[in-house]
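A.B. asks: test case, fold it:
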Amino acid sequence: MAEDTPQSETEELQERARRIVDANHYLVLGTSEDDGSPRVSPVWFAHHDYRTFYWISSPEAQHTHNVGARPAISFVIFDSMAVPPNTGAVYVKATAEQVPDAELAHVCDQAFQGIKPPFRAYAPEELDSAADVRLYRAHATEHALHIPGRDPKYGKGLDHRRVVPMDPAG
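C.D. replies: Residues are numbered from 1 along each chain as shown. You can find the predicted model right below:
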């Protein structure tokens, strides 16, 4: 894109969403309990192309049971330290699953690419069916960006969400 060419609205909103995802290490995972009640769980995450999100959890965790029984999930990534009106969040609808043992070698390379201390990449054998923790992934089906009501360009007086197509980063 030429330096003097204005960014399209979609590109600008995608860039805002990417900055939020890249600046944070935790997401709040929303799953459904057996009785239909909601459950939220903060988990460390990594992502690939803003479309596939990964986290590590115990197979005994309640949110893990929920994912196995009801793979439709949602989550939010936000900076909990931001002071209004500088808030931002990305809301994601997704389908989640445990990564099968047979895929771990390939998926670990993708999931942990670019991980920096204090976080670390896990080896496939640390996440297989014999291990204490497993690798999970969520395939995003929709991204929505939090737009503050006072946003100078997209504000509507009240905070709202704006669906943003998140094609893989170029």
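A.B. asks: any idea of the mean pLDDT for the helix or strand encompassing Leu145?
C.D. replies: Assigned by DSSP states H and E, Leu145 belongs to strand 134-147. Regarding strand 134-147, the rounded mean pLDDT is 97.
A.B. asks: and stretch 106-123, by the same measure?
C.D. replies: Mean predicted confidence for stretch 106-123 is 92.
A.B. asks: end to end, how far does it reach?
C.D. replies: Across stretch 106-123, the terminal residues are separated by 11 Å (C-alpha to C-alpha, to the nearest Å).
A.B. asks: hang on, the earlier thing: hey, C-alpha coordinates of the strand holding Leu145 in CSV?
C.D. replies: Provided in CSV are the C-alpha atoms of strand 134-147 (Å, rounded to 0.1, in the frame of the first residue of the first chain):
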residue,chain,number,x,y,z
ARG,A,134,-3.0,-30.8,26.8
LEU,A,135,-3.0,-28.3,23.9
TYR,A,136,-6.4,-26.9,22.8
ARG,A,137,-7.2,-24.8,19.8
ALA,A,138,-10.1,-22.6,18.8
HIS,A,139,-10.9,-21.8,15.2
ALA,A,140,-12.4,-18.3,15.0
THR,A,141,-15.7,-18.0,13.2
GLU,A,142,-16.2,-14.3,14.0
HIS,A,143,-14.2,-11.4,15.4
ALA,A,144,-15.8,-8.2,16.8
LEU,A,145,-13.9,-5.1,17.9
HIS,A,146,-14.9,-3.1,20.9
ILE,A,147,-15.6,0.5,19.8
